[in-house]
Structure formats: structure tokens, C-alpha cells
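Participant: Quick one, what's the 3D model for this:
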Amino acid sequence: MEAVALHYWWWILALVLIAVEVILPGYFMLWIGIAAGATGLVVLVFPGLSTLGQALVFVVLAFLSCAAYWYGLRPRLMRNEPGDARLNRRGEQKIGQRYVLVEAIVNGRGKAKVGDSQWLVRGPDLPVGSMVEVVGVDGTTLLVRAVE
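Facilitator: Here you go, the predicted structure:
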């Protein structure tokens, strides 16, 4: 039986490292696994590379892949976190939305139909059925203005 080519061992190591990443996620082993796979490609192209040379290639590629994640991909992923800032502040999610008054605003207070519920609103005096737009939130009260 013929011995397994050396580049296959690098690819097996890559698969093991990526599997560890799947079991214990954290984006760390994934990039080292990618470096092991790339080292396997280097060994495939340069089959006479010494063991020390392979180890050095692996270390360099591991640092490069981790740095590519940390300085390149990670900032882009962290920049776009839609909705997280207002996740548990339902009132702020209503800003800019328009609703119909189900209770007239008298002396600055009334109620608007929001989905299948009613929310307290504060704004200028308006009759029932008026369309209002949410411009802010004060606790659980929506601050509204009249929509023409």
C-alpha cells in the first residue's frame, strides 16, 4: 500500500480544525484551518518542501489568515448590526411610523392604534381618526405630530 501524500495530511488537519470550529464556534480555528488547507496546496505545488519549511509556511499563513479576519473581515461584520441598538426599546422602533388616533388627543394626551394594540400618545390636540407620525418616545408614550 502506497503512503498517503503529505499534502493530504495538511488537508485532513484543515478539516479537523474546521470541524472543531463548527463544534466550538469562535472564528479562531476556522482561520487556522484555512491556513492548513493553504499549506496543503503549497506542499502539493512544492512536494520537496522540508518539514521545517512546511511548518514555517503554515505559521505564516495562519498569522496572515487570522490577521485578514481581524483587520479586514471583522470590522465589516461589526459595522452592520441592524436593529441591535433598539432591540428591547419597542417605542424607538416606532419613530417615523404613522398611525391613526383611536382616542382624541385632548390636553396633549390620547391613544393611537399600533398594530393590534393601543399606545398612549402625546402631541397637539387632534380629533379621533387623525393620522399622526411618531417623532419621539418618552418612556412608553409616543410623541407624535399631525400628518397632513
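Participant: and Met131, how many neighbours does it have?
Facilitator: Other residues lying near Met131 total 14 when counted by other C-beta atoms under 10 Å. For glycine as for every other residue, the C-beta is placed from the backbone atoms N, C-alpha and C.
Participant: ok now do it, which residues does it touch?
Facilitator: Arg98, Tyr99, Val100, Leu101, Ala146, Val147 (C-beta atoms under 8 Å, 6 or more residues apart in numbering).
Participant: How about Val100?
Facilitator: Counting by C-beta under 8 Å, 6+ apart, Val100 makes contact with Ala112, Lys113, Gly129, Ser130, Met131, Val132.
Participant: Show me what the first one bridges to in the sheet.
Facilitator: In this structure, Ala112 has the following beta-bridge partners (DSSP bridges): Leu101, Trp119.
Participant: cool, and the last one?
Facilitator: Taking DSSP bridges, one obtains Tyr99, Ala146 as the residues bridged to Val132.
Participant: What's the separation between the residue lying closest to Gln97 once chain neighbours are set aside and Ile105?
Facilitator: Nearest-residue entry for Gln97: Val134, 5.4 Å, with adjacent residues in sequence omitted and distances by C-beta to C-beta, 6 or more residues apart in numbering. According to C-beta to C-beta, to the nearest Å, Val134 and Ile105 sit 13 Å apart.
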